[in-house]
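In: Predicted model, plus sequence, below.
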Amino acid sequence: MVERSIVFAVAYGLVILHDWIFIKSNMGKKERGVRYALLLIAIYMGFDYVTASDFYDLYDFVEFFLREPGTAIVNILTK
């Protein structure tokens, strides 16, 4: 877990440093909001990696929202 924590801290530390320099001068308010939202998602997934927990991943969200429509489409196509 210590190795994963170091990888997480170095990777996101560099990303945040780069973003701080880049966003401060070149991005508007909307672009900055989208970039921070994506960074927040990446940090969530990185924290899941460090703790080796079974948090919800992107696949779980897609499966939750698209399981029923996907099953309906497959049933229509296989009839």
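Out: Arrived safely.

In: Please enumerate the helices of the chain.
Out: Listed in chain order, the helices of the chain (DSSP state H) span residues 2-26, 29-51, 58-78.

In: Put together CSV for those helices, with mean pLDDT and mean neighbour count on each row.
Out: The C-beta positions use only the backbone N, C-alpha and C, and glycine is treated the same way. Output for these, formatted as CSV (pLDDT from 0 to 100; neighbours: other C-beta atoms under 10 Å):
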stretch, mean pLDDT, mean neighbour count
helix 2-26, 83, 11
helix 29-51, 85, 12
helix 58-78, 89, 10
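
In: List the contacts of stretch 43-54.
Out: Residues outside stretch 43-54 that contact it (C-beta atoms under 8 Å, 6 or more residues apart in numbering): 1, 4, 5, 8, 11, 12, 55, 57, 58.

In: Could you rerun that using 6 Å?
Out: Residues outside stretch 43-54 that contact it (C-beta atoms under 6 Å, 6 or more residues apart in numbering): 4, 5, 8, 55.
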